[in-house]
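1. I would like the atomic coordinates for the input below:
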Amino acid sequence: MKGRDIFVDTSAFVAFRVADDDNHNDAQEFLKEIQTKKLRLHTSNFILDEVYTYFCKLHAVAVEMAELIKSNPLITLHRISAEDEEKAFEILKQYGDKGFSFTDATSFAVMERLGLTNAFAFDEHFSQYGRFTVFPIDRE
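-> This next block holds a predicted model:
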């Protein structure tokens, strides 16, 4: 892995927390690698929104996950800017053959703005975009 910074997608947070998720074991194993290699984690307020929304029927879990993202000193929470939103819309127009969500596109935009090249995701859209190394899917 080049660099110590990695963007964490909603799919990784969900896989980490949900024991019967198909990717749970891979998420747990990669979390150990993150800790061993002392990787710096990044995510966005749009990812926080998706994670909270995913768990909102289980209020205590939704709050727990939101607090993890907001308060964990190992995670830097980035706010999506108006420029990121514009870049995301340009990405969506350019990749009309993909099923990218607006949140996916904002993640790509913020990663590019920050110079991040690594993503912790189980969402195929990060690989489809083709500009990032995806872990643990694209293991080196």
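2. Please report how far the residue nearest the centre of the chain lies from Thr133.
-> Centroid-nearest residue in the chain, with C-alpha atoms, centre = their mean: Asp9, separated by 1.4 Å. Here Asp9 is placed at a distance of 13 Å from Thr133 (C-beta to C-beta, to the nearest Å). The C-beta positions use only the backbone N, C-alpha and C, and glycine is treated the same way.
3. can you list residues touching both of those two?
-> Overlap between the contact sets of Asp9 and Thr133, as judged by C-beta atoms under 8 Å, 6 or more residues apart in numbering, is given by Ala119.
4. what comes up buried for whichever helix or strand Thr76 is part of?
-> In the assignment (DSSP states H and E), Thr76 maps to strand 75-78. Across strand 75-78, burial judged by 16 or more other C-beta atoms under 10 Å covers 75, 78.
5. elements contacting that strand?
-> Applying 3 or more C-beta pairs under 8 Å, 6 or more residues apart in numbering; DSSP states H and E, one finds that strand 75-78 makes contact with strand 40-44, helix 45-55, helix 59-71.
6. hmm, try it at 10 Å
-> In terms of contact count using 3 or more C-beta pairs under 10 Å, 6 or more residues apart in numbering; DSSP states H and E, strand 75-78 is assigned the packing partners strand 5-8, strand 40-44, helix 45-55, helix 59-71, helix 102-114.
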